[in-house]
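need a 3D model of the following:
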Amino acid sequence: MEIVEYLQYGFIQRALLCGSFIALLCSTLGVLLVLRRFSLLGDGLAHVTFGSVALGLALRVYPLYVSLPVVMLSSVGILRLAQKARLYGDAAIGIVSSFGIAAGVILASAAGGFNVDLFSYLFGNILAIGAEEVTLSVILSLVVLVTVVLFFQEIFSVTFDEEFARASGIATERLNVILVLLTAVTVVLTMNVVGILLVTALLILPAVTALQLARGFKSAILLSAAVSLTAVIGGIVVSLLLNLPTGAVIVMTNFALFLVAFGVRACRRRGRN
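From the prediction side, this is the model:
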């Protein structure tokens, strides 16, 4: 079947629409997380998402409605734990993420073991999302992207020099809370695209790919967005043509683009020498 024929189907259209918005979301936040050295935050919150999904399935509640508040509270908890307990960021992430994964395993076991629903959230299935999920993902993606635009200058300052930003009167504490909350929302939305186990890849790979070639902050965000959109749309198309798992193909496409960018940067360095 030709790819044009696939585009006539509603589930393909929903996948492309939802995937495109989440790609923009992940690419934007990914640059901020990488530059702030918060790369592991997405991975830690993905573990918490596993626990929240198991909780939702155990309570027979749509997991997305349970995951959003739980993961958002956990993201703030990580931030507070790092500040109040005087822990390094990665240690606080490790504590909360290990609790989340352990809670998920216990809940899944108590509910009768790992079932098909839980595995679908672990590995994702963007081709199976419904209209309600698409609407929610688009709305939340727009809210997050608008928030980043509104606070762009403050975020830029805090990203590169938090101490100077604080001395300049910028509410760095509030911005840190906003960043972790936006990351929490992004992680929950992304689990429908690539699954809980691959969330970190969609957050980080486009960002590190862009940073190989970008010459400034804005150009890094724009290039990251282009890479992420290419990977998501290309991954969906390739997975349909080759009958492969969509989430995994999206991640592998991201990785291939990273290798290309890394090779281009290496060639530039050799040319200068």
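
please count neighbours and contacts with C-alpha atoms only from this point.
Will do.

give the burial count for Val232, as a bare number.
When counting by other CA atoms under 10 Å, one arrives at 29 neighbours for Val232.

helix or strand next in line after the helix or strand hosting it, which one?
Element membership of Val232, judged by DSSP states H and E, is helix 217-242. Later in the chain than helix 217-242, the nearest helix or strand by DSSP H and E is helix 246-272.

distance of Ile155 relative to Leu140?
To Leu140, Ile155 is 19 Å away according to CA to CA, to the nearest Å.

residues contacting the closest residue to Pro245 other than its chain neighbours?
In space, and not counting its chain neighbours, Pro245 is closest to Ser239: 6.1 Å by CA to CA, 6 or more residues apart in numbering. Shown in contact with Ser239 (CA atoms under 8 Å, 6 or more residues apart in numbering): 245-246, 249.

name the member of these with the most neighbours.
Busiest of the contacts of Ser239 [other CA under 10 Å] is Thr246, holding 25 neighbours.

wait, that residue touches Asn125, no?
Yes: Thr246 lies in contact with Asn125 (CA atoms under 8 Å); the separation is 6.9 Å.

for those two, list the residues in contact with both.
Common neighbours of Thr246 and Asn125 (CA under 8 Å, 6+ apart) are Val194.

quickly find the element holding Thr209.
Per DSSP H and E: helix 199-213 holds Thr209.

what is the neighbour count of Leu73?
Neighbour tally, Leu73, other CA under 10 Å: 14.

show me what the helix or strand encompassing it is packed against.
Using DSSP H and E, Leu73 falls within helix 63-84. Using 3 or more CA pairs under 8 Å, 6 or more residues apart in numbering; DSSP states H and E, the elements in contact with helix 63-84 are helix 39-59, helix 89-110, helix 172-190.

okay, it in PDB with CA atoms only?
What follows is helix 63-84, C-alpha atoms only, in PDB (Å, rounded to 0.1, in the frame of the first residue of the first chain):
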ATOM      1  CA  PRO A  63      -4.100   6.300  33.300                       C
ATOM      2  CA  LEU A  64      -3.400   9.700  31.700                       C
ATOM      3  CA  TYR A  65      -5.700  11.300  34.200                       C
ATOM      4  CA  VAL A  66      -3.800   9.700  37.100                       C
ATOM      5  CA  SER A  67      -0.400  10.200  35.600                       C
ATOM      6  CA  LEU A  68      -0.600  13.900  35.100                       C
ATOM      7  CA  PRO A  69      -1.100  15.000  38.700                       C
ATOM      8  CA  VAL A  70       1.100  12.200  40.200                       C
ATOM      9  CA  VAL A  71       4.100  13.000  37.900                       C
ATOM     10  CA  MET A  72       3.700  16.700  38.300                       C
ATOM     11  CA  LEU A  73       3.800  16.400  42.100                       C
ATOM     12  CA  SER A  74       6.800  14.000  41.800                       C
ATOM     13  CA  SER A  75       8.700  16.500  39.700                       C
ATOM     14  CA  VAL A  76       8.200  19.200  42.300                       C
ATOM     15  CA  GLY A  77       9.200  16.600  44.900                       C
ATOM     16  CA  ILE A  78      12.500  16.000  43.100                       C
ATOM     17  CA  LEU A  79      13.200  19.700  43.100                       C
ATOM     18  CA  ARG A  80      12.400  20.200  46.800                       C
ATOM     19  CA  LEU A  81      14.300  17.100  47.800                       C
ATOM     20  CA  ALA A  82      17.400  18.300  46.000                       C
ATOM     21  CA  GLN A  83      17.100  21.700  47.800                       C
ATOM     22  CA  LYS A  84      16.000  20.700  51.300                       C
END
